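Chemist: sequence and predicted structure below; questions after.
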Amino acid sequence: MAPDPLTEASRAANLVKHQALKRLNRRRSAGDAPVSRLEALLDRHGDGHSKAFVHVGLRDVKRAFGGDPYALVRSTLDERFRSVLAPGFTDYFETSGVYHKQHSRPKHGTFGKLFLRDADYRTDDAMKSILVRGPYRFDGCRHADSYAEDGCFARLVEEDTLIIDIGTPWITCSHLHYFESRMGLDYVSEETFEGVICSEGTAASRSSRPAGSGRRRSTRGTSRS
């Protein structure tokens, strides 16, 4: 079935608007602030939570607090949460066909690339993996398909996991695409990509089926035999 012209035009207009807002927000930069302000906010919002799912923009963290922004954020989070989770997304599996749990670098941002080396665990999803620092594990849920009804994001929603944005120029939420997928929106589609998923000492052929928006920017990986 041919795509509806009005729907396609609406998607294009929303994309232009989204990109314009992103550019506008990038022009805004953080000002100097004491680290105690960050600590107070984390203490207030993190009270009662043992884990947090974080998105971090290191550039503005450095502008605000100086020093080593990654070390500051990591230590500040470690002091307050037993486990810290972050997206380890590798959408480039679509073209590379290779996902290595220990060595495939997250595509988005510097924080994820640095956090990979400090993470204790990573889920199996070839496109939408989650990095975990600390003892938390996604026991009993489907690791290979993060957006599945019984997948990792469903577990995070079920457990009312705290989401924290630090130094991001706009509200960031990796859960958005999970909700898009579960709601069966008309602009979400699925494709299958063949590839190899590797871990230390093992390698297996798999196919990864991502669900993506019409802009081809939102994808998920499902590993299946």
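Modeler: All right, it came through fine. Numbering: from 1, shown residues only.
Chemist: how about Ala148, nearest residue that isn't a chain neighbour?
Modeler: Arg142 (4.7 Å; Cβ to Cβ, 6 or more residues apart in numbering). For glycine as for every other residue, the C-beta is placed from the backbone atoms N, C-alpha and C.
Chemist: phi and psi next, for the one you found.
Modeler: In terms of degrees, to the nearest 10, the main-chain angles of Arg142 are phi -80, psi 110.
Chemist: and it, what does it touch?
Modeler: By Cβ atoms under 8 Å, 6 or more residues apart in numbering, Arg142 lies in contact with Ala148, Asp150, Gly151, Cys152.
Chemist: go through those residues and flag which are in helices.
Modeler: The helices, defined by DSSP state H, take in Cys152 from the contacts of Arg142.
Chemist: just the contacts of Arg142 now: which is nearest Gly134?
Modeler: Cys152 (15.1 Å; Cβ to Cβ).
Chemist: quick check: pLDDT value at the closest one.
Modeler: pLDDT recorded at Cys152 is 94.
Chemist: what do you get for the one 10 residues further on?
Modeler: In the prediction, the pLDDT value recorded for Leu162 is 96.
Chemist: where exactly do the helices run in this structure?
Modeler: Ranges of helices in the chain, per DSSP H, are 5-26, 35-46, 58-65, 69-78, 93-96, 110-118, 152-158, 176-183.
Chemist: can you list those in TSV and add mean neighbour count and distance to Phe193?
Modeler: Listed next are the helices of the chain as TSV, based on neighbours: other Cβ atoms under 10 Å; distance: least, Cβ to Cβ, whole Å:
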stretch	mean neighbour count	distance to Phe193
helix 5-26	11	22
helix 35-46	13	37
helix 58-65	18	30
helix 69-78	18	31
helix 93-96	17	5
helix 110-118	18	21
helix 152-158	19	19
helix 176-183	17	16
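Chemist: who's the residue nearest the centre of the chain bridged to?
Modeler: The chain has Pro87 as the residue nearest its centroid, 2.9 Å off, counting by Cα atoms, centre = their mean. Per DSSP bridges, the residues bridged to Pro87 are Ile130.
Chemist: test my guess that it contacts His108.
Modeler: Yes: with contact defined as Cβ atoms under 8 Å, Pro87 counts as touching His108 (6.9 Å).
Chemist: for this structure, which spans come out with low pLDDT?
Modeler: Across the chain, the ranges flagged by pLDDT under 70 are 1-29, 200-225.
Chemist: do that again at 50, thanks
Modeler: For the chain, the stretches with pLDDT under 50 are 1, 205-225.
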